[in-house]
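>>> compute the structure for the input listed below.
(chains A and B)
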Amino acid sequence: MSLDEKILAKIEKENIWIRPRWFFTIQNLFFGGLFALMLVGGAISFGIILDIASFENNNKNLSSLPFFWMVVFVMFLLVGRMIVNRLGWIYKVRILSLVVILLAVNALFGYFVFASGKAEKIEQQLIEKLPLYQKISPISKWEEKNETNLNRIVEHDLVNIENEKNVAGEHNYKEADESDDRDSETHNDNSSLGQNRQNDTDIDALIKKEKEEKEEKNQVLLVEKKIPTVDETEDEDVEVVSEKKSKEISSQENTNDEYSDVEIDLAEDLNEEATGDEINEE
Amino acid sequence: MDTSGFEQYSDEEIAELVIKDKAFFGILIRRYEKKLGGYVWKMSGKNKEEIDDMLQNIFIKAYVNINSLKKEHKFSNWLYGIAHNECIDHWRRYKKHSNNISLEANDNLSAVLTSNEDLVRDIIDRGEADEMNMILNKLPYKYKEILVLKYLEDKSYEEIGEILKKPVSTIGTMLRRAKIRLKKYLENKSNELR
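Residues are numbered from 1 along each chain as shown, chains lettered A, B, ... in the order given. From the prediction side, this is the model:
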């Protein structure tokens, strides 16, 4: 039995059939689609590489390189290269030329993906939805590091505020506390160092303003006490006046505890002054 | 069906007829049986029974996929491509049990080495194809394959490119490297034997 007879008998016996043309059409479409998918994948990964590179523009070091996406990009490129060989005449193109063409196409589409902002969105989606990716994403790492630094700054600022509050006294404490709360909210909302610093300045200004007001009040009080004392000493008996003023001061003492020490000092001064005048007259 | 009147038809025309009637496939088998048998033997170095089995697989694969043959393709190259894949599969399966063919001291080969403008062609012209085949088995498969197609099957660069699915420039490079490897191997062997 010759070989052709053997083979034809086998075809007949095992009912081997010729694959229809549409089978090969679908196969070509499948590989074409897969190749397009590799191009899209390569473009997205290239776009994300650009996105990460531009994000860390001010903080360039080796660890911040998007290695994961570089590997993904190379994988898309290689698989694309393997698939493309199944697409008709492509095998006639040299491997190096083919890789360069694929690289250029991926880079071009990748740039569009990056420029349109899609790369950033995809990166954010991956960070939010894939906890595993969160661990390897340079952006995620950078944000985590940044958050830690901000927390340190906030803690440091809080200690400063506490110290200032102690200096400012009880009255300022509440206000400073409120500002502190506002401060924390601001940190939680936008984690902005600049705004934190701004709030600190506000607190300083507030404390300063409070001090100034207090000093002003004290001065006014002193002026109010001193002027009538000087005028009345000319007409009235110093002792009587001093007693009167002492009474006035003591009456104010009940109404305004805050300035009691100052008034007592003032009364004592006046008494001393009056005694001095008496000695001089004598 | 009697297919005797179709012998003068081209391979591609017969392939078209096979889709309508499988009896026409017999013509193609008869045309390529010996050629492919020789190629498979050179690539695998197996005995007649095993080569027959491999040939059966090659022709059945060709029959099943005959619709994938495009008009711009040459049937013989397309068939050699299938045979090439079958040989690679076979080589991968049995490479661990490859034959250890020893190279005998040969004055003729040594003489050829001294004037090697086209080393392989010289060896074949001197009627040493069998010996050449033994030497080829010592080379890496990719070099052996390209040398067989070029010098034993008399294929052009374009045809080899179509069979191996590689660009013509790559075929040229591979062929040059294959010849360098072959020359080196023969020189080493010749020095050892002296």
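
>>> residues in chain B within reach of chain A, list them.
Proximity of chain B to chain A is assessed by C-beta under 8 Å from any C-beta of the partner chain, with B:18-19, B:22-23, B:25-26, B:29-30, B:33, B:52, B:55-56, B:59-60, B:63-68, B:161, B:165-170 identified as the residues in range. Yep, even glycine has a C-beta here, placed from its N, CA and C like the rest.

>>> swap the cut-off to 6 Å and go again
Taking C-beta under 6 Å from any C-beta of the partner chain, the part of chain B that reaches chain A is made up of B:22, B:26, B:29-30, B:33, B:56, B:59, B:64, B:66-68, B:165, B:167, B:169.

>>> can you go through those and name the buried ones?
If you count burial by 16 or more other C-beta atoms under 10 Å in any protein chain shown, the buried members of the residues of chain B next to chain A come out as B:K22, B:G26, B:I29, B:E33, B:F59, B:I66, B:N67, B:S68, B:P167.

>>> what mean pLDDT does stretch A:11-26 have?
The pLDDT scores in stretch A:11-26 average 92.

>>> so, in contact with chain B or not, that stretch?
Yes: when contact is scored as C-beta under 6 Å from any C-beta, part of stretch A:11-26 falls within range of chain B: A:I11, A:I18, A:R19, A:R21, A:F24.

>>> run through chain B and note the low-pLDDT ranges.
When the per-residue scores of chain B are filtered using pLDDT under 70, the ranges that remain are B:1-3, B:95-130, B:193-194.

>>> that older thread, ok, of the residues of stretch A:11-26 next to chain B, which one's closest to B:W41?
Proximity to B:W41 was ranked across the residues of stretch A:11-26 next to chain B by C-beta to C-beta; first place goes to A:I11, at 24.1 Å.

>>> count the neighbours of that closest one for me.
Applying the criterion other C-beta atoms under 10 Å in any protein chain shown, we find 18 residues in the vicinity of A:I11.

>>> secondary structure element holding it?
If you go by DSSP states H and E, A:I11 is part of helix A:3-13.

>>> after that helix, which helix or strand is next?
helix A:21-55.

>>> buried set for that next one?
Along helix A:21-55, the positions that meet the burial threshold by neighbour count (16+ other C-beta under 10 Å) are A:31, A:34-35, A:38-39, A:41-53, A:55.

>>> how is the chain divided into domains?
The chain I'm using is chain A. When chain A is parsed into structural domains using automatic domain parsing, the resulting residue ranges are A:3-136, A:144-213, A:236-281.

>>> could you do chain B instead?
Chain B is divided into the following domains under automatic domain parsing: B:4-97, B:107-193.

>>> and those domains as TSV, adding distance to A:G117?
What follows is the domains of chain B, written out as TSV (distance: least, C-beta to C-beta, whole Å):
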stretch	distance to A:G117
domain B:4-97	44
domain B:107-193	40
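
>>> which one of these lies nearest to A:D157?
The minimum distance between A:D157 and the domains of chain B falls on domain B:107-193, with 66.7 Å, by C-beta to C-beta.
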